[in-house]
Structure formats: C-alpha cells, structure tokens
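Q: turn this into a model:
(2 chains)
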Amino acid sequence: MNEFLTSYSSGHTLLWALLITGVVAASAIGLSLFWTGVFRSAAALRRHQSKTPEDGG
Amino acid sequence: MWFPNAEVTVNPALLLLLGVMVGTLSGFFGVGGGFLITGGLLIFGVPPVFAVGTGLALIMGSSIINTLKHRHLGNVDLRLGLIMLIGTIPGVFLAERLNSSLEAAGIIGPVIRYVYIVLLAALGGFIIYDHFKQRRNPAATAGEVSTASLARRVQGLRIPPHAFWLPGFGRVPTYVALPVSGIDQLSVFIPIIVGFSVGFFAGLLGAGGGFLLMPVLIFGLGVPTTVAIGTDLFQIVVTGSWGTFIYALSHNVDPLMAVIMLGAASVGSQLGTAATAFVEPARIRILYGVTIMGGSVSVALDQVSTFSDSVEFLSTLASVVLLTVAGAMCLIIAAMMIRAKRESRELAPADD
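A: Here you go, the predicted structure:
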C-alpha cells in the first residue's frame, strides 16, 4: 500500500490528482449514506419498539 | 503511524480528534475549517504544504457530508448556490494569479496573515456587536439581525440589464425568486458579485471561503442562518474540490491522512448539523463570532512570532489557542444539543 501510494503518485500526476479527488468524494458520499442508514435503522427500531401489541379478538 | 506521501509519523488518535472537531464546526457553522485544520496539522508535525493540501481534501470531504445532511434538513438553496458559483470560479482564478505575483515578490506570507487578521477580527467583532445590540433593542424581532433593513434594501436593488435575450428562451429577466431563502426577488448580479468576492478571498487565503460567505449571506442578503450555513457548505464543496485537485497535481495531498480524518469528521458532522435544528439562530451566530475572533487572535500571534527568534514560541501558542477555542466550541455545541433534547423530551406528552 505504501509503495503504491508513493510510486503511483510520482508516475501518473493527473490520474493521481483525479484519483485523490475521486476517493475523497466517494468516501464522503459513502460515509453520508452510511450515517443515513444508521439513523433510519435506529428510527425504525424505535418505532417498532414503541408499537403497542393489538388485543386478541 | 507512518504516512508515506507526507513522509511523517503522526498519532492517528490526534487526527481522529481533529477530524471530529472539524466535522462538528463545519456542520454547525457552515465553514470548511481550513484555518483550524492547517493549524492543527502543523502542530502534529505535518509539513506546511501537505497541511494545506491534505486540509483542503478534508474540507472537500467534510463539506460534501455536511451539504448532503443540510439538504436533507431543507437548508441548501441550490439555486442561490449555483448562481454564486458563476462568480466564485473566476474569483478563485483571479486570486491565484495574484498569489503567484505576491509569491514572486516574496510577500505572500505576511499579506495572507494580515488579510486574515483584519477579516476575521472585523467579522467576529461585527457579529458579536450585532448580537448584543439586538439583545438590548426591545423593538427587534426575535432572531432578526441588526442589518435586516439593509438586507431588505439589497434585495430590492434593481441592477440593469433587467433582462436579456437567450436563443430558444426569448427574453429572460435577470431577477430570481429564492423561496428556500425566503427571498421573493433578487437581482442575479448580487449573488454573482458576492460569489466573485468570496471566491477571490478564498483563493487568496487558500481557504474554502465559508467563514466569509456565511455572514455575508446572513447580514448582507438576509438569508436565514441555517440556510446560509447549508448553502455556504455547497459553495465550499466546489472551492474545496478545486483546491484538492490543484494540490494533488503538485503531490501535496496525503490521501491516507485525509481519509482517516474524514471518517472522524463524519461523526462530528452528525452532531454539528443536527444541532442547528435545536439551537437558536442567534446563539449560532454569537458562537460563530467568538470562534472567528479566536481565529483572528491565533493568526495575529502567528504573525508576531515571525518578528524575531525570541518570540517564535508564539507560533505554537497560536495553534494551541485555535485548537482550544475550537475544542471548547465543540463541547458547547454538544452540551446545547443535549440540553435542547432533554427539554423537548420533558415537554413531550407522557404516554398513558
């Protein structure tokens, strides 16, 4: 990994810059989706726990 | 932990702490946090040019996360943001040309510091003054800024040309409605000029420009505080992305460091953005004013440290001041959020 990071950056300047920008953007969007999923799951769990059981017929 | 691109060893716990602080402040105030990130990374021993480049990558990533979160809260005026970009991009280009001239003249460091000191002090001072003025004014509407009448006059400005002809569209007026910002009509030239000015200062100072744009939107255009925060973050995504790309072209970004801090920043972002829904806009503004005043003091200390070798320690003190103010702000934001949630739970009707 260390070798890739140092050798690729020196050999492919433009691609490296695009790769960095792309990786940061993708990481940010991925993290945003992750947290959205976490909060939606937490909200769904809270709703499920607060539902009162229906009385039997 | 060894970072091969920056060729430096940094404790990852420090990077995580800095990331959380940046994410929190970015989400709460709508700033990129460039001055905080650069100062913090310099203290951690990261070479200066990598501190700026890696900082821009974190600004870019953190702003994307916060913009998406604020959009979900209805705080991003995309129309206003896109119009401002028309001016921001040429502003940044012009600033970069000026920077090259200043660098060639050997005066870029002092110029940037003095501009930062004056801007931050003026903005911070005005925001704090506005807060106390409105508190003492019995006639003031709750949450309204002291420049509300100025903002209404700016919104009412009629700047020619009032329309132009576009092929395929016919006569197109140069006024837009901005419903998200609560503005009925605004000349497009105003946000373009605002975008150009902010882009110019952002390019000159190597920052995202958020610290300047946020107060201009609130006090100059009358945009509600939370919408100013969200829209401001959208702008920073663009300026931060451009800055990241430019620095990456010069091999001055450490991606591993940036991603580690970004992961931590995403945690802070959740707190910072959520807190804007619970904290009064007037409180957000006063905290922002105090934070950027702290930034001004920090940069001033840094500038004084260059006067002689005997006061070089002031440079480290500057970073300590900055990180202390930022850390205190994060704790205050967390405390306000906890208090507001407790109060809302107490007010909620009890289940039978």
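Q: what is the burial count for the residue nearest to B:V10 when sequence neighbours are not counted?
A: Closest residue to B:V10 apart from its sequence neighbours, by C-beta to C-beta, 6 or more residues apart in numbering or on different chains: B:F44 at 4.9 Å. Using the backbone N, CA and C atoms, a C-beta is placed for each residue, glycine as well. The local packing of B:F44 (other C-beta atoms under 10 Å in any protein chain shown) involves 17 other residues.
Q: let me know the pLDDT of B:F44.
A: pLDDT, B:F44: 81.
Q: doesn't B:P12 make contact with it?
A: No: using C-beta atoms under 8 Å, B:F44 is not in contact with B:P12, being 10.3 Å away.
Q: over to B:A6. Which of the three states is it?
A: Using DSSP: H, G, I helix; E, B strand; the rest coil, the structure places B:A6 in coil.
Q: just checking, B:L16 touches B:V259?
A: No: using C-beta under 8 Å, B:L16 is not in contact with B:V259; the gap is 11.6 Å.
Q: so those two - more neighbours on which side?
A: Ranked by neighbour count (other C-beta under 10 Å), B:L16 and B:V259 place B:V259 first, with 19 against 16.
Q: please enumerate the helices of chain A.
A: In chain A, the helices defined using DSSP state H lie at A:2-11, A:13-50.
Q: and the first one, average pLDDT?
A: Predicted confidence along helix A:2-11 averages 58 (mean pLDDT).
Q: likewise for stretch B:295-312?
A: Mean pLDDT, stretch B:295-312: 82.
Q: B:V223 belongs to a helix, doesn't it?
A: No: judged by three-state DSSP, B:V223 forms no part of a helix; its state is coil.
Q: surely it meets B:I183?
A: Yes: proximity of B:V223 to B:I183 meets the contact threshold set by C-beta under 8 Å, at 7.4 Å.
Q: okay, these two: which has more neighbours?
A: Between B:V223 and B:I183, counted using other C-beta under 10 Å, the more crowded position is B:V223 (27 against 21).
Q: distance of the more buried one from chain A?
A: Distance from B:V223 to chain A, counting by C-beta to the nearest C-beta, to the nearest Å: 24 Å.
Q: now do the same contact list for that residue.
A: Taking C-beta atoms under 8 Å, 6 or more residues apart in numbering or on different chains, we find B:V223 in contact with B:77, B:80, B:181-183, B:217, B:231.
Q: with B:S250 instead?
A: Neighbouring residues of B:S250 by C-beta under 8 Å, 6+ apart: B:49, B:53.
Q: show me what residue of the stretch 101-250 of chain B gets nearest to chain A.
A: Closest to chain A within the stretch 101-250 of chain B is B:A248: 3.7 Å, counting by C-beta to the nearest C-beta.
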